[in-house]
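Chemist: Compute the structure for the input listed below.
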Amino acid sequence: MRDAFALLTTLGRRRGRAGRLHAGALPWFPLVGAVLGAAAGLVWWAGNHVWPPAVAAAVTAAVGVALTGALHFDGLADAADGLLPHAERERRLTIMRDPGVGAFAVVAVALALLL
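Modeler: Numbers count the residues shown, from 1 in each chain. Model prediction:
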């Protein structure tokens, strides 16, 4: 379970193990997702009692990004940069491996955050 938390969150990381998938970690992914969802739900519930809904939503999104280390946004940005422009298959794969972000990535992440 610790390996699943280390890979999917900013919590539970051990030196030298972050980013590596241990074979026993995969079955724990749904539980890690449920814990992260519950944490975000709790932040939303509490924040909605204290702040206006827009502020509570922004804080909830920020907490989700902080807990996951922006893992989902990184994947969204890579996919948008590689899949949306007109390019050959090999060029798309090269674009997705590039650590930089392009216009498609910026627009996709901005839209996801706004939604």
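Chemist: what domains does the record give for this protein?
Modeler: 1-51, 70-115 (automatic domain parsing).
Chemist: so can I have TSV of those domains showing mean neighbour count and distance to residue 61?
Modeler: The C-beta positions use only the backbone N, C-alpha and C, and glycine is treated the same way. Formatted as TSV, the domains of the chain follow (neighbours: other CB atoms under 10 Å; distance: least, CB to CB, whole Å):
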stretch	mean neighbour count	distance to residue 61
domain 1-51	14	8
domain 70-115	14	6
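Chemist: Excluding residues flanking it in the chain, which one is nearest residue 61?
Modeler: residue 113 (6.3 Å; CB to CB, 6 or more residues apart in numbering).
Chemist: Now the weakest link among the domains of the chain, please, by mean pLDDT.
Modeler: Mean pLDDT is lowest for domain 1-51 among these, at a mean of 85.
Chemist: distance between the ends of that one?
Modeler: With CA to CA, to the nearest Å as the measure, domain 1-51 spans 34 Å from end to end.
Chemist: Identify the residues contacting stretch 72-80?
Modeler: 65, 96, 101, 104, 105, 106, 107, 108, 109, 112 (CB atoms under 8 Å, 6 or more residues apart in numbering).
Chemist: Stretch 41-50 too?
Modeler: Contacts of stretch 41-50 (CB under 8 Å, 6+ apart): 55, 56, 57, 59, 60, 63.
Chemist: Relative to residue 7, which of these is nearest.
Modeler: Nearest to residue 7 among the contacts of stretch 41-50, counting by CB to CB, is residue 63 at 19.0 Å.
Chemist: show me what contacts that closest one?
Modeler: 39, 40, 43.
Chemist: repeat for residue 71
Modeler: By CB under 8 Å, 6+ apart, the neighbours of residue 71 are residue 8.
Chemist: For residue 3, see how far away residue 23 is.
Modeler: 9 Å (CB to CB, to the nearest Å).
Chemist: I meant residue 55, not that one.
Modeler: Taking CB to CB as the criterion, residue 55 is separated from residue 3 by 35 Å.
Chemist: OK, contacts around residue 115?
Modeler: Residue 115 neighbours (CB under 8 Å, 6+ apart): none.
Chemist: Likewise for residue 27?
Modeler: Residue 27 neighbours (CB under 8 Å, 6+ apart): none.
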